[in-house]
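1. my questions concern the predicted model and sequence given below.
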Amino acid sequence: MNQYKIILFIFLILLFSLFIKDDEKCGNNNLDLNKIFQNTPKNSYENAITTIRSKVEQIKKQKYQMQLELKQRMHEEKIRKEQHNLEKQYSSLNNKINTEWRNFHATYYSNDCRGCSGITATGINVQETIYFKNLRIVAVDPTIIPLGTIVEIQTRNERFKAIAADKGGAIKGYRLDILVESEKIAVQYGRHDVQVLIIK
């Protein structure tokens, strides 16, 4: 009720000022009604509330945006850590594979063996040679040693580098078949364990 009395009082002052001209103090008596009403206690309160609500909404939006950015950074950091761990595990496994001698059971075969065509599973012609690019040729189980892999083999007779260029129905698991010059030599070498180091 007091607010309306204040408004009425201000309104009367306004009307009175329209009829009184005091050039020394006012200069211009054409007062703006909107400015007067905006300065009333009720309007000041409402304007303050509106401003506060606007600021609160702005702060909420900023906080929400910051939370989104933080979650995104945390997610990216988690992915980077997982990738780093996987790379370390792969590197460790790869180093272990490439520096660890493994035990295989070896047999021998020649290009003139029964059922042999003289062409390996990877297409190398071995009718005239047991080498490919200065590497010996071995048949492997591709699930254990992928075809094309370079290995070093230590037998009880010799040590040499070879390429896994062939496979066979009987070559399963940790077994390999070493190509030699003839069936006679294959029989002579027989069967025995060898050590295999994967090079690449």
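-> Arrived safely, thanks for sending. All values derive from a computational prediction rather than experimental measurement. Numbers count the residues shown, from 1 in each chain.
2. care to break this structure down by domain?
-> With automatic domain parsing serving as the domain definition, the record reports that the chain contains domains spanning 2-39, 101-198.
3. any idea which of those domains has the lowest pLDDT on average?
-> Here the lowest mean pLDDT among those goes to domain 2-39, at a mean of 54.
4. I'd assumed Glu152 was in a strand, is it?
-> Yes: in this structure, Glu152 lies within a strand as judged by DSSP: H, G, I helix; E, B strand; the rest coil.
5. is it in a bridge, and if so with what?
-> On the basis of DSSP bridges, Glu152 is bridged to Lys161, Leu197.
6. I figured it hits Glu158, correct?
-> No: assessed by CB atoms under 8 Å, Glu152 is found out of contact with Glu158, at 11.3 Å. Quick note: C-beta positions are derived from backbone N, CA and C, even for glycine.
7. comparing these two, which shows the higher neighbour count?
-> The residue with the greater number of neighbours, taking Glu152 and Glu158 and applying other CB atoms under 10 Å, is Glu152; the counts read 14 against 10.
8. what segments of the protein are helices?
-> 2-19, 33-38, 41-99, 183-189 (DSSP state H).
9. and Ala121, what does it touch?
-> Neighbour list for Ala121: Ala139, Leu147, Ala165, Asp166, Lys167 [criterion: CB atoms under 8 Å, 6 or more residues apart in numbering].
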